[in-house]
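Trainee: Predicted model follows, preceded by the sequence.
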Amino acid sequence: MSWKCGIIGLPNAGKSTIFNALTAAGAETAIYPFSTINPNLGVVPVPDARLQTLGSLLKPEKLTPTTIEFVDVAGLIAGASKGEGLGNQFLGHIRDVDLLVHVVRCFASAQCPHPLGSLNPVRDVGIVDTELLLADLEILGRQKVKLEKKVRMGEKAGAAALAVLIKVEEGLNKGIWARNLGLSAPELEHLQQTPLLTLKPCLFVANLSEEEFNGGKHYQALQELAAARRAPLVPILGDLEAELQELPADEQREFLAGLGLAESGIHRLIQESYRLLGLVTFYTIVGPEVRAWTVPAGTSLPQAAGRIHSDMEKGFIRAEVMNFADLQIHGSQAKVKEAGRLHVEGRDYHVQDGEILLIRFSR
Ligand SMILES: Nc1nc2c(ncn2[C@@H]2O[C@H](COP(=O)(O)OP(=O)(O)O)[C@@H](O)[C@H]2O)c(=O)[nH]1
Ligand SMILES: [Mg+2]
């Protein structure tokens, strides 16, 4: 299982540019709207300070980070939910992502004009949001018709589900994302057959020119919008960071430092996306390799073992578990054990973020 982040936004917002910087996969960037017809998928390693620390402590031959995927989908325009442009395809492609990365244009460019003729990030966000809300309303509408039929036929369970759909519909009609309606776990259960876009976590990327980066009003307006929604906002100098990817790491850092930046926006985007997905990272030390793995919160030890190999899940016996912090303090597995900080856990134990697992299994 892998986690997918869908890059969305209006045409010419810089989505493919940022995708390229993320993956260095070479997706085509062009000044034409709709140039990215098929979604491009990029697998991106997640920067991980804990993994780096494990690397310098244990000096393994191989240090393997965990990954998330980014999808570059076609640009969205007003009317997408009604099938304008590549609307339907667009909406189809983002149904199965776990997170929306909304790229908003905050740069002026004579070669590549804004499709609406002027720079206005707040308006742009409104257009994309409206399409997402309309697309969800349409899905809800269809689902409601089905459920109403069931309720008429006397199916009791249908009534509770219908009540949830109506609650969400009312919210969407007021412009509130399904995600922000404070739905309970049982209510969310009822939405499992209704793949809503506004139920997904979302973060904004401000794709900035250097001028905007240095206190421009468009960037500021977008910052206010994101703050009001309590959504994370990552500033990126899109075209510049895409070019930077071609330089060696130390030269990149030097360049960014010149702009007053400690790390690249791309770096932050990956980390922020990973954080927002609310996942758990655990580590394994096997032979010459130290490796990071990703599972959802609440994953049991055998399931976590299954991420590594299906045989390890089938033959799971127990795991020796230590905390990253303990390994950092004591310096080696043996010393953690000596200090009594290594615990042995069985099938029902849920893996916690930052744990290092030594899994025992029979073949
Ligand atoms: N000046 C400037 N141009 C950019 C920036 N980001 C992207 N572009 C240019 O804008 C055009 C459209 O970018 P693209 O990534 O294809 O947009 P998409 O339609 O959202 O995928 C390309 O010519 C890019 O080189 C930026 O931050 N500054
Ligand atoms: Mg594109």
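Mentor: Okay, I see it. Ligands and ions are numbered 1, 2, ... in the order given.
Trainee: where along the stretch 251-363 of the chain do the strands fall?
Mentor: 279-286, 289-296, 316-323, 343-345, 355-361 (DSSP state E, counting those that start in this stretch).
Trainee: and those strands as TSV, adding mean neighbour count?
Mentor: The C-beta positions use only the backbone N, C-alpha and C, and glycine is treated the same way. What follows is those, written out as TSV (neighbours: other C-beta atoms under 10 Å):
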stretch	mean neighbour count
strand 279-286	19
strand 289-296	18
strand 316-323	19
strand 343-345	13
strand 355-361	19
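Trainee: Keeping just the C-alphas, turn stretch 195-204 into PDB.
Mentor: The C-alpha trace of stretch 195-204 is given here as PDB (Å, rounded to 0.1, in the frame of the first residue of the first chain):
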ATOM      1  CA  PRO A 195     -15.900   8.900  -2.200                       C
ATOM      2  CA  LEU A 196     -16.000  12.600  -1.300                       C
ATOM      3  CA  LEU A 197     -13.200  14.900  -2.400                       C
ATOM      4  CA  THR A 198     -13.800  17.400   0.400                       C
ATOM      5  CA  LEU A 199     -13.200  14.700   2.900                       C
ATOM      6  CA  LYS A 200      -9.600  14.500   2.000                       C
ATOM      7  CA  PRO A 201      -6.900  16.500   3.800                       C
ATOM      8  CA  CYS A 202      -5.700  19.500   1.800                       C
ATOM      9  CA  LEU A 203      -2.600  21.700   1.800                       C
ATOM     10  CA  PHE A 204      -1.800  24.800  -0.300                       C
END
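Trainee: Can you give the distance from it to the centre of its chain?
Mentor: 10 Å (C-alpha atoms, centre = their mean, to the nearest Å).
Trainee: Tabulate the strands of the stretch 251-363 of the chain in JSON lines, adding columns for distance to Leu181.
Mentor: Below are the strands of the stretch 251-363 of the chain laid out as JSON lines (distance: least, C-beta to C-beta, whole Å):
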{"stretch": "strand 279-286", "distance to Leu181": "23"}
{"stretch": "strand 289-296", "distance to Leu181": "22"}
{"stretch": "strand 316-323", "distance to Leu181": "36"}
{"stretch": "strand 343-345", "distance to Leu181": "37"}
{"stretch": "strand 355-361", "distance to Leu181": "33"}
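Trainee: In TSV: these, plus mean pLDDT.
Mentor: As requested, those are arranged in TSV below (pLDDT from 0 to 100):
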stretch	mean pLDDT
strand 279-286	94
strand 289-296	95
strand 316-323	97
strand 343-345	97
strand 355-361	96
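Trainee: what does the stretch 201-350 of the chain put close to ligand 1?
Mentor: Within the stretch 201-350 of the chain, the positions near ligand 1 by C-beta under 6 Å from any ligand atom are Asn207, Ser209, Leu237, Gly238, Asp239.
Trainee: Just the buried ones from those residues, in ChimeraX syntax?
Mentor: Entered in ChimeraX, the line below selects the buried ones among those, by 16 or more other C-beta atoms under 10 Å:
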select :207,209,237,238,239
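Trainee: Could you export the residues of the stretch 201-350 of the chain next to ligand 1 as JSON lines, including pLDDT and secondary structure?
Mentor: Below are those laid out as JSON lines (pLDDT from 0 to 100; DSSP: H, G, I helix; E, B strand; the rest coil):
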{"residue": "Asn207", "pLDDT": "97", "secondary structure": "strand"}
{"residue": "Ser209", "pLDDT": "92", "secondary structure": "coil"}
{"residue": "Leu237", "pLDDT": "93", "secondary structure": "coil"}
{"residue": "Gly238", "pLDDT": "91", "secondary structure": "helix"}
{"residue": "Asp239", "pLDDT": "90", "secondary structure": "helix"}
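Trainee: gap between the two ends of stretch 274-294?
Mentor: For stretch 274-294, the separation between the terminal residues is 10 Å (C-alpha to C-alpha, to the nearest Å).
Trainee: Could you export the residues of the stretch 201-350 of the chain next to ligand 1 as TSV, including distance to Ser362?
Mentor: Listed next are those as TSV, based on distance: C-beta to C-beta, whole Å:
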residue	distance to Ser362
Asn207	52
Ser209	60
Leu237	53
Gly238	52
Asp239	54
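Trainee: Do I have it right that Asp348 meets Ser300?
Mentor: Yes: between Asp348 and Ser300 there is a contact at 6.5 Å, judged by C-beta atoms under 8 Å.
Trainee: Counting neighbours, go ahead and name the busier of these two.
Mentor: Between Asp348 and Ser300, counted using other C-beta atoms under 10 Å, Ser300 has the larger neighbour count: 18 against 8.
Trainee: contacting residues for that one?
Mentor: Arg347, Asp348, Tyr349, His350, Val351 (C-beta atoms under 8 Å, 6 or more residues apart in numbering).
Trainee: what's the answer for Gly158, then?
Mentor: Gly158 touches Leu147, Glu148, Lys150, Val151, counting by C-beta under 8 Å, 6+ apart.
Trainee: I'd like to know which of those residues are buried.
Mentor: Buried among the contacts of Gly158 (16+ other C-beta under 10 Å): Leu147, Val151.
Trainee: Out of the contacts of Gly158, flag the one nearest to Leu225.
Mentor: Leu147 (34.7 Å; C-beta to C-beta).
Trainee: before we move on, which element is the closest one in?
Mentor: Assigned by DSSP states H and E, Leu147 falls within helix 121-152.
Trainee: Which strands and helices lie in contact with that helix?
Mentor: With contacts defined as 3 or more C-beta pairs under 8 Å, 6 or more residues apart in numbering; DSSP states H and E, helix 121-152 has these neighbours: helix 87-95, strand 99-106, helix 156-173, helix 217-229.
Trainee: What separation do you get for the closest residue to Ala159 other than its chain neighbours and ligand 2?
Mentor: Excluding its sequence neighbours, the residue lying closest to Ala159 (C-beta to C-beta, 6 or more residues apart in numbering) is Val151, at 5.5 Å. According to C-beta to the ion, to the nearest Å, Val151 and ligand 2 sit 44 Å apart.
Trainee: Done for today, thanks.
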